[in-house]
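Asker: for reference, the sequence and a predicted model appear below.
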Amino acid sequence: MKKRLILPVAMLSLLFAACNNAQPEKAGADTTPNAETVSTQQPTEDAKESVGQPVGEQQAQEQPAEESENKEIESSTFEKLTKGNIKVKGSADIVGFCEAILPIANAYYSYEDNKADMYEGMDKKAGYWSQSEEGGGSIRMECCFWNRTDKKKLVAYSEDVHDLDVKGNVTYKTCLCFFLYNEATKELEPIEAPINGSFEKCVNEGDHISVKLPQKGKDIKYTVGEECWGEAVKTLKWNGMGFDKM
């Protein structure tokens, strides 16, 4: 996989640093490095941003660009993927699902010259895809699908990003999204996480969850915090329609 894949993460860090230099830090602001959640709630519309009143003509002219930059920084992968249905233009398999999801999840895949890279790590027989990259930080992305007992296809996308903030602290960003494929409309519809039993809160409640989607078998494996994969691995067991927390 190309080293360019990690650029969107690094670029966001540089852009965030530039914004901090341009504006004073607000007293009492949340400095928790974790910025995203593994959500088990129904997706909601993006919150509207609050924009201050312009002072002078020059500031009024620059305001739309600043608003656009802030929106790009604050928009999470989960928000981008769950704000509406996603059209599947290809086949209803891991190839078609990745072609629909990846350009939205990671801007790298939205460029024509990079689209061929998404086919690296594709296991069509297993219905699974993954890619990872390490550099100034790290990113691991996975996508897979299951055939439910009601004949519908359940699709999942996960993303685990480790990066550095402007103060040199390690930040963690976790995303876990679920979709049902609608054969009639050929769309992926975001749904509530189909997990029975309480699932650990993540990131803004203090925990970092690292997820591994199945390439073999049907169960999801995960760890909480900085636990090693060889030690306290937990399981979300496939039950034909969703998952039971073990």
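Answerer: Structure's in. What do you need?
Asker: where do the helices sit along this structure?
Answerer: 7-22, 57-74, 77-82, 94-105 (DSSP state H).
Asker: quick one: average pLDDT of the last one?
Answerer: Read that as helix 94-105. The average pLDDT for helix 94-105 rounds to 96.
Asker: run through the neighbouring helices and strands of that helix.
Answerer: Helices and strands touching helix 94-105, by 3 or more CB pairs under 8 Å, 6 or more residues apart in numbering; DSSP states H and E, are helix 77-82, strand 86-87, strand 122-123, strand 128-134, strand 138-147, strand 153-164, strand 187-191. All C-beta spots, glycine's among them, are computed from the backbone N, C-alpha and C.
Asker: just the residues contacting it, thanks.
Answerer: 77, 80-81, 86-90, 109-110, 115, 118-119, 122-124, 126-129, 141, 143-145, 155, 157, 159, 175, 181, 188 (CB atoms under 8 Å, 6 or more residues apart in numbering).
Asker: got the angle for it vs strand 187-191?
Answerer: Inter-element angle recorded for helix 94-105 and strand 187-191: 60 degrees (by axes from the mean of the first three to the mean of the last three CA atoms, to 10 degrees).
Asker: just want the angle from helix 94-105 to strand 138-147.
Answerer: 140 degrees.
Asker: buried stuff in helix 94-105?
Answerer: Buried residues in helix 94-105, counting neighbours by 16 or more other CB atoms under 10 Å, are found at 94, 95, 96, 97, 98, 99, 100, 101, 102, 103, 105.
Asker: of all the residues you listed, which comes closest to residue 225?
Answerer: Using CB to CB, residue 105 comes nearest to residue 225 of the buried residues of helix 94-105, at 24.2 Å.
Asker: quick one: that closest one from residue 238, how far?
Answerer: Counting by CB to CB, to the nearest Å, the separation of residue 105 from residue 238 is 23 Å.
Asker: to residue 210, which of the helices and strands packed on helix 94-105 lies closest?
Answerer: Across the helices and strands packed on helix 94-105, closest to residue 210 is strand 153-164 (CB to CB), at 5.4 Å.
Asker: neighbouring strands for the closest one, and are they parallel or not?
Answerer: Strand pairing for strand 153-164, using DSSP bridges, gives strand 138-147 (antiparallel), strand 170-182 (antiparallel).
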